[in-house]
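> turn this into a model:
(one chain, ligands or ions: 1)
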Amino acid sequence: MKKVFVAGGGIGGTIAANRLAERLKPEVDKEDVSITVFDKSENHVFQPSQLLVGMGLENPADIVKNERELLNPKVRLLNGKAGEITKIDVQNHSFVTSDGKSHEYDYAVISTGSTLDWEMVPGLKEEMHTVWDMDGAVQTRNLIRNFTGGTVVFNVARLPHKCPVGPLEETLMLEDYLKRKGLKEKTELVYTYPVAGVFGIPNVNKVMTKIFEQRGIRVISPFTVKAVDPQAKTIESNEGEKIKYDLLLGVPPHMGTKVVGDSAIGDRRNWIPTDKNSLQMKDHSNVYVMGDTTDIPISKAGSTADFESYTVAENITSEIRGNESRKMYDGSVFCFIATGFDTATYIRFNYANPPVPPPPSTIHWWAKLAYNKLYWSLTAKAVV
Ligand SMILES: Cc1cc2nc3c(=O)[nH]c(=O)nc-3n(C[C@H](O)[C@H](O)[C@H](O)COP(=O)(O)OP(=O)(O)OC[C@H]3O[C@@H](n4cnc5c(N)ncnc54)[C@H](O)[C@@H]3O)c2cc1C
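Residues are numbered from 1 along each chain as shown. Next up, the predicted model:
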């Protein structure tokens, strides 16, 4: 029997496991192939909706589901200590789990996501409220509800981070919220970003900079946060800026997961060296890497993981069946960008074709909300 292991049952791991189970159905039914997902948690969080939780538009309980319910019944799932991987041994083709067991694989898919590295910037953890984790999303919602005016600084600490467009969305939604609550005149909204402009991709930066100007949002960039002073309530950059805030929101530095570091298979920031087209781990052809944890030059996004899952599932299937055909990932990404409480635009691009966002509209807003709902029944289950 050929064993396929999937490390991580988040967005990437779940879609990949379900797509593999669909592609390899005859082999799985005959028990020639087994597919196992390892995850330390039983819960699957749809992180894109943490942004809506932070804005009070979504209930935390509605964006979490039991992982077992999302997986094809033929996919095995290991949770808790049995599913928490402590070492990925790519030399000996095995995962070691917290219960002390070692499991050997023929093919591995690594999709363990990313973590927040609060320690990189002194004072950040005490002061920054972030929707990039679930508890932070709930805190942010409460703080925004109680906000009565002052200076709000939105800071992106470092690149890359997951959901590159998220900071644009949170800032523009907050501006709309302040306007609706009659707090706009009493508030200064400041957006700080580590590279010049408001976003790293030129076409998107151009469109978004104009929107930020029209909406009266002050932009300070490049701004690489050096330290936050919780007593003085100031945030300071390597470039020499110091801003006083009443409320500090933002995105802390990101890195790959601890297990990648502990297994010594990542770079300095625990991103795994990955071929940007085949998605194979460099020097380890039976290991595929997807989602946030790769080092490839593309957005860390759920849609990236979804597009990547076609390549991973197709190529593992071909290898198991001894077929020569291979599918290459072309760098496809699709992300909606909320520009307020009822408008949005979107970007769709790949390695060869840069994005051109259309003008914001309510149609794109409703499409974003519809997509979020359909995630559970269509995307996660790899129906499309
Ligand atoms: C606020 C916010 C807004 C976003 N908005 C969008 C959006 O609009 N569109 C979009 O496409 N993307 C968006 N994203 C990004 C998207 O959620 C991530 O890029 C995506 O979840 C990455 O998928 P993944 O499989 O790599 O990691 P994850 O979905 O994070 O899954 C990783 C899994 O690995 C497990 N794991 C970690 N370590 C171990 C271990 N040692 N052993 C076992 N299991 C382990 C975790 O428990 C988790 O289940 C957003 C993210 C945030 C935070």
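> quick check: the residue of the stretch 201-350 of the chain found nearest the ligand vs residue 47, distance?
Nearest to the ligand in the stretch 201-350 of the chain, going by Cβ to the nearest ligand atom, is residue 291, at a distance of 2.1 Å. No exception for glycine: its C-beta is placed from N, CA and C like everyone else's. Here residue 291 is placed at a distance of 11 Å from residue 47 (Cβ to Cβ, to the nearest Å).
> quick one: contacts for the residue in the stretch 51-200 of the chain that the ligand sits nearest to?
Here the residue of the stretch 51-200 of the chain nearest the ligand is residue 113; by Cβ to the nearest ligand atom that distance is 2.8 Å. Residue 113 makes contact with 8, 10, 12, 162, 257, 291-293, according to Cβ atoms under 8 Å, 6 or more residues apart in numbering.
> got it, and residue 216?
The contact partners of residue 216, taken as Cβ under 8 Å, 6+ apart, are 175, 184, 189.
> for residue 122, same thing?
With Cβ under 8 Å, 6+ apart, residue 122 has these contacts: 227-228.
> just the pLDDT at it, thanks.
If you check residue 122, the pLDDT there is 98.
> please renumber the chain so that the first residue is 6 from this point on.
Shifting the count to begin at 6 puts that one at residue 127.
> picking up where we left off before, touching, the residue of the stretch 206-355 of the chain closest to the ligand and residue 312? I think so.
No: here residue 296 lies out of contact with residue 312, judged by Cβ atoms under 8 Å, at a distance of 10.7 Å.
> and the two? which has more neighbours close in?
Taking neighbours as other Cβ atoms under 10 Å, residue 296 and residue 312 compare with residue 296 leading, 27 against 20.
> nearest spatial neighbour of that one, skipping sequence neighbours?
Nearest residue to residue 296 in three dimensions, chain neighbours excluded: residue 17, at 3.2 Å (Cβ to Cβ, 6 or more residues apart in numbering).
> neighbours of the one you found, just the number please.
29.
> could you export whichever strand or helix holds it as CSV, CA atoms only?
According to DSSP states H and E, residue 17 maps onto helix 16-28. Taking Å, rounded to 0.1, in the frame of the first residue of the first chain, the C-alpha atoms of helix 16-28 are listed here in CSV:
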residue,chain,number,x,y,z
ILE,A,16,-7.1,25.3,4.0
GLY,A,17,-4.3,23.8,1.9
GLY,A,18,-4.1,20.4,3.6
THR,A,19,-7.9,19.8,3.6
ILE,A,20,-8.4,20.7,-0.1
ALA,A,21,-5.3,18.7,-1.2
ALA,A,22,-6.4,15.6,0.8
ASN,A,23,-10.0,15.8,-0.6
ARG,A,24,-8.7,16.3,-4.2
LEU,A,25,-6.3,13.4,-3.8
ALA,A,26,-9.1,11.1,-2.4
GLU,A,27,-11.3,12.0,-5.4
ARG,A,28,-8.5,11.5,-8.0
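> who touches it?
Where contact means Cβ under 8 Å, 6+ apart, the residues beyond helix 16-28 that reach it are 9, 11-12, 14, 33, 40, 42, 44, 49, 51-52, 72, 75-77, 79-80, 114, 116-118, 295-297, 307, 310-311, 313-315, 317-319, 321-322, 384-387.
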